[in-house]
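S.K.: I would like to see how this sequence folds:
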Amino acid sequence: MEKIIVGIADLAVAHNPAVLVTIGLGSCVGISFRDPVARIGALAHIVLATKAGVRNQDTPLKFADSAIEEAIRLMQQKGCIKNRIEAKMAGGASMFTFGGSMNIGEKNVEAVVKKLDEMEIEILSMDTGGNYGRTIEFYIETGVMVVKSAFKGIKEI
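M.R.: Okay, here's the model as predicted:
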């Protein structure tokens, strides 16, 4: 089975059978998408919540709002039907605190949930928060997201 590595501020769209993998999710969020009928999946690794107010927007896949839009656009280009697409997410940890008030991971999770809600894409499950990093493997065939952490072990969502 093909393994496709998704880097930071990156996105991959693939047809089954494939496993989409992203490593090192701290405050970043990994969002998987799947159209079970078309057998196509995607995985985005976002770094920040929104591109609003950011001067350098050269990397739209860095931001939750624009990365989600791009993932859905590319999936539809490959024949997916938007109302069949489902999502899962992991990450959004509180890895760094700046004066105790700015939690980037929490803001990222909120932005992903908000954007998916706006686009009417159902979130099937999530493993977010905490203060530890994660690596995820998303199996397009089954829709299973395997979440691995040095501190919390391995779980499937």
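S.K.: For this protein, give me the ranges with low pLDDT.
M.R.: 52-57, 96-102 (pLDDT under 70).
S.K.: That one: helices as residue ranges?
M.R.: Listed in chain order, the helices of the chain (DSSP state H) span 64-77, 104-118.
S.K.: ok, what's across the strand from the one residue sitting closest to the centre of the chain?
M.R.: In the chain, the C-alpha closest to the average C-alpha coordinate belongs to I31, at a distance of 1.5 Å (CA atoms, centre = their mean). Counting by DSSP bridges, I31 is bridged to A44, M89.
S.K.: Next: the one 4 residues further on.
M.R.: Here D35 sits in beta bridges with I40, as judged by DSSP bridges.
S.K.: Share the number of residues neighbouring it, please.
M.R.: 21 (other CB atoms under 10 Å). Bear in mind the C-beta positions are built from the backbone N, C-alpha and C, glycine included.
S.K.: what do you get for the one 10 residues further on?
M.R.: By the measure other CB under 10 Å, the count of residues near H45 is 27.
S.K.: what's the nearest residue to G143 once chain neighbours are set aside in contact with, if anything?
M.R.: Excluding the flanking residues, the one nearest G143 by CB to CB, 6 or more residues apart in numbering is R34, at 5.1 Å. Contact analysis of R34 by CB atoms under 8 Å, 6 or more residues apart in numbering lists 40-42, 85-87, 138, 140, 143.
S.K.: Relative to K148, how far out is R34?
M.R.: As judged by CB to CB, to the nearest Å, R34 and K148 stand 19 Å apart.
S.K.: can you check D127 too?
M.R.: From D127 to K148 the distance is 10 Å (CB to CB).
S.K.: any residues in contact with both of those two?
M.R.: Joint contacts of D127 and K148 (CB under 8 Å, 6+ apart) are R134.
S.K.: quick one, which of these two is more surrounded?
M.R.: Between D127 and K148, D127 has the larger neighbour count (other CB under 10 Å), namely 21 against 16.
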